[in-house]
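1. What follows is a predicted structure for the sequence shown.
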Amino acid sequence: MAKNTTKEYDAELNKTIFDIKHQRTFCMIKPDGVMRGLVGEIIHRIEKTGLKVVAMKMLTPTEEMVKAHYPVNNEKWIVRLGSKAKSGLDGLSLSAKEVYGTDDEKALGENALAGLIQYMQSGPVVAMVVEGIQSIDMVRKLAGATLPFKAEMGTIRGDFSVDNPIVANVEGRSIHNLFHASEDTEEAEHEIKLWFGGETICDYSLGSDDIMYCKHY
Ligand code: TYD
């Protein structure tokens, strides 16, 4: 886009830089994370990167909230869930049909979703808004891959969870993977509004902000 004046250009660029530095994401320590006493460990990992928690609360989600949180009416997302569930058998030389009775991704996804909705209401969670440079990608990286055995060591899921989605599906439950983090900007905006709409998001600086991502010399 053509810029009319230097001043206008600066203002626009400054806003872009500000938005990158102050990007917000939503994340949640799921019931298994709370019940295993991993709240401090997980928050510590977020804080250690230089990101900051700007809102936080503990609550037991209602069914209504869980259904508003996940895109439960989005068939594409449900099929993706089923496809991920199927990939839980990678390396086991077994098919989903042999273990679960079907390899239909929509059916697998629907079953996983039913377990997920129950699981997310099964106990308290810690919901957070986290802010900082590229926080969405950073917190996803901290979380690790959805399936515990695929999540790299060094990530929250890789270090602290172990479960298999097809086994979970057969048992009619969710996989227990400790942590949720928004996947992209749209999801982050939706989830922050859903869990913290109308509540105060704190505005403060960390002593390390300047050293980490400002020219302080
Ligand atoms: P998804 O949005 O695909 O992953 P992520 O949490 O990494 O963004 O899936 C949402 C949650 O669904 C996932 O964190 C755990 C649960 N889940 C199951 O319970 N069973 C399954 O087979 C899969 C694939 C996911």
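-> Done, it's in. For clarity, every value in this text was computed on a predicted model and none was experimentally measured.
2. sec struct for Val54, please.
-> Secondary structure, DSSP: H, G, I helix; E, B strand; the rest coil: Val54 is strand.
3. ok, it to Thr16 distance?
-> Val54 is 20 Å from Thr16, where distance means Cβ to Cβ, to the nearest Å. Using the backbone N, CA and C atoms, a C-beta is placed for each residue, glycine as well.
4. ok, the two, which is more surrounded?
-> Val54 (20 against 10; other Cβ atoms under 10 Å).
5. ok, that one to Gly37 distance?
-> Val54 is 24 Å from Gly37, by Cβ to Cβ.
6. for the residue positioned nearest the centre of the chain, phi and psi?
-> Most central in the chain under Cα atoms, centre = their mean is Ala181, positioned 1.1 Å from the mean C-alpha point. As for Ala181, its main-chain torsions (degrees, to the nearest 10) stand at phi -140, psi 140.
7. Next, the contact list for it, please.
-> Ala181 is in contact with Thr25, Phe26, Cys27, Met28, Ile136, Val139, Arg140, Leu142, Ala143, counting by Cβ atoms under 8 Å, 6 or more residues apart in numbering.
8. and the second one, that's in a strand?
-> Okay, so that is Phe26. Yes - counting by three-state DSSP, Phe26 is located in a strand.
9. how deep is the closest residue to it other than its chain neighbours tucked in, by neighbour count?
-> Spatial nearest neighbour of Phe26, excluding adjacent residues (Cβ to Cβ, 6 or more residues apart in numbering): Glu191 at 3.7 Å. Glu191: 23 surrounding residues under other Cβ under 10 Å.
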